[in-house]
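Enquirer: Quick one, structure for this:
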Amino acid sequence: MRWFDIRKTNNEELDRLGEEFRLHPLHIEDCRHGNQNGKVEEGDGYLFVVVKPVEITKDGTLSITDLDVFVGPDYVITVDEDGASCTAGLLERLQARTNGQRPDHMLYRLLDSVVDLYVPVLDRYGDMIDALEDRALDDASPATVETIFQLKRELIVMRRVLQNMRDVAGHLQRTESTLIRADLLPFLRDVYDHLARNLDLVEMQRDLLSGAMDIYLSSVANRTNQVMKVLTVLSTIALPALVISGFYGMNVKHLPWAETPGGVLVVAGLMASSTIILLWVLRRFNWL
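Expert: You can find the predicted model right below:
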């Protein structure tokens with residue numbers, strides 16, 4: 001088996017291989033125009049497979065690349081469109097074990113290795129969601145909401161990638177091409193099962209994010225209620241003094257203690273005593 005590894009899509013080697021193995025021009029074009037969906041297409045004596053490796057970059061963002069694979073009777077051609085670090089390491093490990101391997105078996109190993117890349121990414125999302133649930137309670141800030149929506153968008157992208165890859169594994173199980181031998185089908189079913197479990201995990205994580213959003217909204221509502229409670233209590237405490245001062249502020253003659261020496265002190269004492277009695281009542285009913 002011969003393995004041709006192409007790391008740059010503008011490499012003239014791709015055109016030469018296309019002529020040598022009669023690769024369809026549209027498949028060559030797909031290799032040179034990234035952002036393809038994961039898929040399997042049958043050509044003239046070969047299979048064209050697009051797989052989607054993913055990784056979390058150093059700045060914490062989700063990176064999705066395209067890895068195009070041509071599988072023939074006695075050759076494998078891989079085209080790494082973006083040259084991602086995860087893809088380069090994956091190909092180097094596989095190329096070290098090509099001796100005595102069939103092309104379809106190497107395709108399985110490639111698919112299995114790409115599916116293994118999804119596990120640490122989903123584990124990272126799980127840890128981030130756990131931290132978000134705590135932040136939604138302790139730090140209900142706009143930054144928390146922004147992080148929740150960003151993770152939701154990334155999980156939507158992950159679900160699309162996993163669905164496409166599941167379709168790839170399912171297509172390879174059902175294909176009648178002689179390039180995929182029957183003894184490989186149990187291994188392809190195993191890849192399909194791993195992708196199905198990862199899809200279930202993504203759906204569960206999306207539900208957890210929705211729960212984190214509900215926790216955030218509840219936390220904000222509770223804080224608003226606490227603020228309103230404090231303002232209401234303060235207004236209630238000030239109410240007796242406002243009523244008494246407003247009563248003595250009326251333009252009416254012969255008000256009690258209005259002409260009495262020290263009447264101001266009497267009225268101030270009345271306001272203080274009424275406030276103290278109100279505080280005692282609020283405290284008695286555990287409203288304060």
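Enquirer: Going along the chain, name the strands of this protein.
Expert: 2-6, 39-42, 47-51, 54-56, 62-64, 67-71, 75-80 (DSSP state E).
Enquirer: quick one: the last one to strand 47-51, angle?
Expert: Read that as strand 75-80. 30 degrees (axes from the mean of the first three to the mean of the last three CA atoms, to 10 degrees).
Enquirer: any idea of the mean pLDDT for strand 75-80?
Expert: Strand 75-80 comes out with an average pLDDT of 89.
Enquirer: before we move on, what about the first one?
Expert: Here the mean pLDDT over strand 2-6 is 88, rounded to a whole number.
Enquirer: now do the fifth one
Expert: Computed over strand 62-64, the mean pLDDT rounds to 87.
Enquirer: one step back: is it possible to get a markdown table of the strands of the chain that adds mean neighbour count and distance to residue 117?
Expert: For glycine as for every other residue, the C-beta is placed from the backbone atoms N, C-alpha and C. Output for the strands of the chain, formatted as a markdown table (neighbours: other CB atoms under 10 Å; distance: least, CB to CB, whole Å):
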| stretch | mean neighbour count | distance to residue 117 |
| --- | --- | --- |
| strand 2-6 | 15 | 18 |
| strand 39-42 | 16 | 18 |
| strand 47-51 | 22 | 10 |
| strand 54-56 | 19 | 6 |
| strand 62-64 | 18 | 11 |
| strand 67-71 | 23 | 10 |
| strand 75-80 | 23 | 14 |
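Enquirer: Please report the distance of the spatially most central residue of the chain from residue 174.
Expert: Nearest to the mean C-alpha position of the chain, by CA atoms, centre = their mean, lies residue 151 at 2.6 Å. Look at residue 151 and residue 174: by CB to CB, to the nearest Å, they are 34 Å apart.
Enquirer: again with residue 106
Expert: Remark: distance between residue 106 and residue 174 (CB to CB) = 20 Å.
Enquirer: The helix or strand bottoming out on mean pLDDT in the chain packs against which elements?
Expert: Lowest mean confidence among the helices and strands of the chain (mean pLDDT, DSSP states H and E): helix 85-95, at a mean of 77. Helix 85-95 is packed against strand 2-6, strand 54-56, strand 75-80, helix 103-138, with contacts defined by 3 or more CB pairs under 8 Å, 6 or more residues apart in numbering; DSSP states H and E.
Enquirer: Which elements pack onto the last one?
Expert: Same thing as helix 103-138. For helix 103-138, the packing partners by 3+ CB pairs under 8 Å, 6+ apart come out as strand 47-51, strand 54-56, strand 67-71, strand 75-80, helix 85-95, helix 142-174, helix 185-248.
Enquirer: repeat for the first one
Expert: With contacts taken as 3+ CB pairs under 8 Å, 6+ apart, strand 2-6 sits against helix 12-20, strand 75-80, helix 85-95.
Enquirer: Go again with 6 Å.
Expert: helix 12-20, strand 75-80 (3 or more CB pairs under 6 Å, 6 or more residues apart in numbering; DSSP states H and E).
Enquirer: got these as JSON lines, with distance to residue 42 columns?
Expert: Formatted as JSON lines, the helices and strands packed on strand 2-6 follow (distance: least, CB to CB, whole Å):
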{"stretch": "helix 12-20", "distance to residue 42": "16"}
{"stretch": "strand 75-80", "distance to residue 42": "15"}
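Enquirer: Where does pLDDT dip in this protein?
Expert: The model of the chain has pLDDT under 70 over residues 82-85, 251-254, 257-258, 288.
Enquirer: circling back to that earlier point, turn the strands of the chain into CSV, columns for distance to residue 262.
Expert: Output for the strands of the chain, formatted as CSV (distance: least, CB to CB, whole Å):
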stretch, distance to residue 262
strand 2-6, 101
strand 39-42, 95
strand 47-51, 93
strand 54-56, 77
strand 62-64, 77
strand 67-71, 93
strand 75-80, 94
